[in-house]
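In: Structure for the following, please:
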Amino acid sequence: MGNIITAELIEKFRKANYKLILLDYDGTLVDFFPFPEKAKPSEKLLDILNKLITKPKTNVVIITGRAHKDIDNFLGHLPINIIAEHGGMLKINRIWKKHTIDNNLWKDKVLPIFNQITLACPNSFIEEKQFSLAWHYRNAESGYAYSRKLIGLLENFISTTTLKILDGNKVVEILSNDLGKGKAVENLLKQNKYDFILSIGDDKTDEEMFEFLLDNPTAVTIKVGKGNTLAKFKLDNVDNVNTLLKQLLK
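Out: Residues are numbered from 1 along each chain as shown. Take a look at the predicted model:
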């Protein structure tokens, strides 16, 4: 993402009447850590976010797959809107609300499959969220190979269900097909009209968001890191994201 493009983005942001900034968390605002609970925001990031949310007519939304309690531990002290668990939980004006209805009965059938792979793959672990199950293999030497096995087993299971698989950054997650960052953003845009949208993410889960915004002329979409993407631009790393956000404050 060149200096000229960055300057144009900042100019569009300044001129816009009503702005929406959508920010993924892990891999976008903070680097990945061996254990998710260690990925605390830096004081520098907190300062940037705190100033950004006070900008006039600017709606800053953290949009993450994290469990809502986890992201609340990191950012809950800020008056910032949060979409957690891929759209399953929303925090608007400091109040958390469920945004989906799921009896979660499917978890009892899926958990044995997750346990089977976890036992076979040392240093992997399962995370249960309110509306999903996630298998993390960031610390597992043979994690990728086992993630392919897990996905194969899950694909057989979900063929007769309304569930879907998210093949993320060293995590495999299963959840309702009604959830996803694309659908969460769609719901946001139904509530308000924005003349500038900035969407930044790094993972495959963020591609749903980029895809939904693909034909939106007011949207600037940015992928963090390498790999194919539907985003219009790329940034190399978390530091570049923080630098860009800081420039919006000027």
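
In: Now residue 181. Nearest residue, chain neighbours left out?
Out: Spatial nearest neighbour of residue 181, excluding adjacent residues (CB to CB, 6 or more residues apart in numbering): residue 209 at 4.1 Å. (Each C-beta comes from the backbone N, C-alpha and C, glycine too.)

In: residues making contact with the helix or strand containing that neighbour?
Out: Assessed by DSSP states H and E, residue 209 sits inside helix 204-212. Contacts to helix 204-212, defined as CB atoms under 8 Å, 6 or more residues apart in numbering, come from residues 22, 24, 28, 63, 65, 86, 166-169, 180-186, 199, 201, 221, 223, 229-231.

In: how about it as PDB, C-alpha atoms only?
Out: Provided in PDB are the C-alpha atoms of helix 204-212 (Å, rounded to 0.1, in the frame of the first residue of the first chain):
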ATOM      1  CA  LYS A 204      -9.700 -16.200   5.900                       C
ATOM      2  CA  THR A 205     -12.600 -15.300   8.100                       C
ATOM      3  CA  ASP A 206     -12.100 -11.700   7.100                       C
ATOM      4  CA  GLU A 207     -12.600 -12.600   3.400                       C
ATOM      5  CA  GLU A 208     -16.300 -12.900   4.000                       C
ATOM      6  CA  MET A 209     -16.200  -9.200   5.000                       C
ATOM      7  CA  PHE A 210     -14.100  -8.200   2.000                       C
ATOM      8  CA  GLU A 211     -16.400 -10.100  -0.300                       C
ATOM      9  CA  PHE A 212     -19.500  -8.400   1.000                       C
END
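
In: What residues of that helix count as buried?
Out: For helix 204-212, a neighbour-count test (16 or more other CB atoms under 10 Å) marks 205, 206, 207, 208, 209, 210, 211, 212 as buried.

In: thinking again about what came up before, where helices are concerned, which of the contacts of helix 204-212 count?
Out: When DSSP state H defines the helices, the subset of those inside them is 181, 182, 183, 184, 185, 186.
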